[in-house]
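K.L.:
test case, fold it:
(4 chains)
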2 protein chains.
Amino acid sequence: MTNQELLHHHGLRATNLRLELLRLLRASDRALTHQELEAGLKVEADRVSIFRSLNAFEEAGVVHRVLDGRGTSCFARCGTDCGHGDHNDAHAHFRCNGCGHVYCLDAVELPSVSLPRGFKLAKSHLELDGTCKACR
Amino acid sequence: MTNQELLHHHGLRATNLRLELLRLLRASDRALTHQELEAGLKVEADRVSIFRSLNAFEEAGVVHRVLDGRGTSCFARCGTDCGHGDHNDAHAHFRCNGCGHVYCLDAVELPSVSLPRGFKLAKSHLELDGTCKACR
DNA sequence: TTTTGAAATGCAACACTGTTGCATCTAAGT
DNA sequence: ACTTAGATGCAACAGTGTTGCATTTCAAAA
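P.N.:
Presented below is the predicted three-dimensional model:
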């Protein structure tokens, strides 16, 4: 599926900015911040438009959001099985303490947890940190 | 150990602000943001001083920091076995999607994970969300 | 192909978290 | 009571993220 088809399939318009953002996200093996995306764009675009596009992507199920260790949002393309507001992002994330990059780890298995009485679990996120391949 | 002793024990001065912050943190069953702390203070204090105190607490091993779902820092008292830069905060955290409150869950067991080749693990954080007792 | 309405963008302004520099004050040991 | 390193207050700043509003542009229908 092309990026254009992907956008249309989720009810979004295929603008230059959005096609560019998807291109960058698809080309990356890790989750990217809005700053990295802005820096990588081959098109001029306003910060606000990038934020709005990323929010639209997230809501539509095109990307998912991860927080890096300092609380800023990173975005990565979703797997094929995400829909509107229905994310299947139940995989672990690894954050490198050296470069700060955030990787999605689809291979790592998530634990099943039992919560104290009264708490109702919706989702669990396993956040790992350490040193990545490039930083060793 | 009194809050005064606790501070001295970690090489920090027992000022009004810091004693107040510790009082609030000890009285709470969950992690608090700087905003909640500022609102709860019985003493006038500058935002900056609160941030600096919390940073000093964290570095000394008096409190640990958790990010809530939107990336803002929450703070909670550490267990007894934390020292300078040596946190023992390897427990799960639960964030309520209703009220946004963050709870430390000492009871939940952390999984052992195996990373892809090249990644070196330092710490793992299990972040859970759902609905808390009060919000059901 | 042209029209058209909704979606997307750009710009300005704002709120919030968090930090730094510097002058002043205070806790705590002498 | 002195002294000084540690703590505070104030002003200013950087970064993320949002909102309102006018303008542009995509995509579907005429």
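
K.L.:
count of neighbours near residue A:127?
P.N.:
Neighbour count of residue A:127, defined by other C-beta atoms under 10 Å in any protein chain shown: 20. Glycine gets a C-beta too; all of them are placed from N, C-alpha and C.

K.L.:
which residue is the nearest non-sequential neighbour of it?
P.N.:
residue B:125 (4.3 Å; C-beta to C-beta, 6 or more residues apart in numbering or on different chains).

K.L.:
now the one you found: which helix or strand?
P.N.:
Taking DSSP states H and E as the definition, one finds residue B:125 inside strand B:120-131.

K.L.:
that strand pairs with which strands?
P.N.:
strand A:120-131 (antiparallel), strand B:92-96 (parallel) (DSSP bridges).

K.L.:
look at the nearest residue to residue A:22 once chain neighbours are set aside and report its pLDDT.
P.N.:
Ranked by C-beta to C-beta, 6+ apart and with sequence neighbours excluded, the top spatial neighbour of residue A:22 is residue A:3, at 4.2 Å. On pLDDT, residue A:3 comes in at 96.

K.L.:
where's residue A:3 relative to DNA strand D, distance?
P.N.:
When distance is defined by C-beta to the nearest atom of the strand, to the nearest Å, residue A:3 is 11 Å away from DNA strand D.

K.L.:
so that residue touches residue A:14, yeah?
P.N.:
Yes: Residue A:3 is within contact range of residue A:14, at 7.3 Å (criterion: C-beta atoms under 8 Å).

K.L.:
need the residues of chain A near DNA strand C, please.
P.N.:
Neighbours of DNA strand C within chain A, by C-beta under 7 Å from any atom of the strand: A:12-13, A:15-18, A:44-46, A:48-49, A:52-53, A:56, A:71.

K.L.:
can you name the residues of chain A that neighbour DNA strand D?
P.N.:
Counting by C-beta under 7 Å from any atom of the strand, chain A sits next to DNA strand D at A:4, A:7-8, A:13-16, A:33-35, A:47-48, A:51-52, A:55, A:72-73.

K.L.:
among the residues you listed, name the ones in strands.
P.N.:
Among the residues of chain A next to DNA strand D, the members falling in strands (DSSP state E) are A:33, A:73.

K.L.:
helices - which of the residues of chain A next to DNA strand D land there?
P.N.:
Applying DSSP state H to the residues of chain A next to DNA strand D, the entries found in helices are A:4, A:7-8, A:16, A:34-35, A:47-48, A:51-52, A:55.

K.L.:
how far out from the middle of the chain is stretch A:54-68?
P.N.:
Taking the mean of its C-alpha atoms, stretch A:54-68 sits 6 Å from the chain's own mean (C-alpha atoms, centre = their mean, to the nearest Å).
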